[in-house]
Each structure stands twice: as structure tokens, then as C-alpha cells.
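[1] Please work out how this folds:
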Amino acid sequence: DSSAFSNCIFLESVEIEENSELESIGSNSFFRTPIYDFFVPKHVKIIENSAFNDCENILSIKFEEDSELEIIDKNAFAGAYLEEIIEIPIHVKIISEFAFNQCQYFETIHFKENCDMELFDSYSFAFSNIQSIVIPKSLKIIANDAFNYCTKLHTVTFQKDSQLESIEDGAFAETNIKEI
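    Sure, this is the predicted structure:
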């Protein structure tokens with residue numbers, strides 16, 4: 001539920017069984033907690049608004065191989081200190097506004113080749129230190145300012161047979177792209 005463990009200043013570890021029936025990680029669930037990693041069980045379909053916002057100790061987020069996750073909601077990981085390469089599950093369709101905004105430590109995000117990704121919403125990766133990205137062929141919209149101020153972003157690659165319909169205002173503004 002909403003704010004379930006928000007601001008629990010001593011919560012460093014959360015263990016959820018792999019066979020869990022958990023379907024969502026609620027809004028602000030772990031907001032500003034010092035957890036250092038998190039395993040998202042298979043049946044979670046949405047990581048809600050600000051679920052891991054400002055988790056300054058979280059270094060990694062792992063998803064079960066056959067994850068049913070579809071939505072990473074607004075501010076889900078904003079300001080988190082994610083360090084490891086993030087593998088987005090195949091069924092994720094939407095990375096909402098500010099989802100990975102200000103993630104200062106992760107450099108790469110990966111998508112499965114035949115993923116269902118359709119939308120990088122406004123400011124979804126803005127102000128992060130992402131260095132390169134392969135845009136999934138299923139992606140339809142890169143919303144305004146999606147990668148704004150990603151000053152370390154230097155390479156953007158579009159998969160063959162891209163279904164991209166729109167790159168909106170400022171989507172890659174203030175980046176250092178050298179190669180597309």
C-alpha cells in the first residue's frame with residue numbers, strides 16, 4: 001500500500017519470496033529508506049509513483065526473468081543511487097514521467113530485443129548519468145525532455161525496424177550525443 005515503509009530510516013534489506021503473489025509496489029512504499037537492493041517478484045505489474053524515490057543507498061534493482069511488470073510509474077526511482085546496469089523486463093510498456101530522473105550513478109539501461117516498450121515519458125531519464133542507450137524497436141514516443149541534461153549521454157542507437165513515431169521537444173536537449 002501507499003507509503004508502507006516510507007522514511008523507515010533503519011530498513012536496509014527487504015526479502016520477498018520468488019513465488020510471491022505481490023502485484024504492485026505501492027506509491028511511496030520505500031520512499032527515503034536506506035535499502036541497498038531490491039528484487040521485484042514475477043507478478044508485480046506496476047511499480048507505483050515514487051516507490052523508491054530518494055533511496056540514496058539502493059545500488060541495484062533486479063527483476064525476475066519472466067517478470068510481468070508493465071509500468072514503471074512517475075518518480076519510481078527518481079534520485080535513487082542505482083549503480084548496476086538495469087535490465088528492463090520484456091513486458092514493460094511505459095516508463096513514466098521522472099521515473100529515473102536524477103539517477104546519478106547508473107550509466108546503462110538495457111531492453112530485451114523484442115520488448116513491449118512504447119513510451120519514454122517526459123523527463124523519464126533526465127539529469128541522469130546514462131552514457132548510451134539502444135532504443136527498442138517497439139518504442140513509439142520519446143516524450144519532451146526525456147533525456148534532458150543527460151550530459152554524459154554520447155550514443156543513441158535505434159534498433160532496426162524502429163516503430164518510433166515521435167521525438168518530442170527537448171527530448172535529447174543538453175546531452176553530448178556524438179553518434180546516432
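[2] ok, now which ones touch the nearest residue to residue 64 once chain neighbours are set aside?
    Spatial nearest neighbour of residue 64, chain neighbours left out: residue 42 (4.3 Å); criterion: C-beta to C-beta, 6 or more residues apart in numbering. To be clear about C-beta, it is placed using only N, CA and C from the backbone, and glycine gets the same treatment. The contact partners of residue 42, by C-beta atoms under 8 Å, 6 or more residues apart in numbering, come to 18, 20, 64, 66, 67, 68.
[3] of all the residues you listed, which comes closest to residue 52?
    Of all those, residue 67 has the smallest distance to residue 52: 16.0 Å, by C-beta to C-beta.
[4] Just to confirm, what confidence does the model report for the closest one?
    Confidence at residue 67, expressed as pLDDT, is 95.
[5] The residue nearest to it when sequence neighbours are not counted: how many residues sit nearby?
    In space, and not counting its chain neighbours, residue 67 is closest to residue 89: 3.7 Å by C-beta to C-beta, 6+ apart. Residue 89: 22 surrounding residues under other C-beta atoms under 10 Å.
[6] likewise the one 5 residues further on?
    The number of residues packed around residue 94, counting by other C-beta under 10 Å, is 19.
[7] quick one: it and residue 76 touch, right?
    No. Counting by C-beta atoms under 8 Å, residue 94 does not reach residue 76; the two are 10.7 Å apart.
[8] I'd like the distance between the residue nearest in space to the middle of the chain and residue 132.
    Centroid-nearest residue in the chain, with C-alpha atoms, centre = their mean: residue 100, separated by 4.9 Å. Distance, residue 100 to residue 132, by C-beta to C-beta, to the nearest Å: 15 Å.
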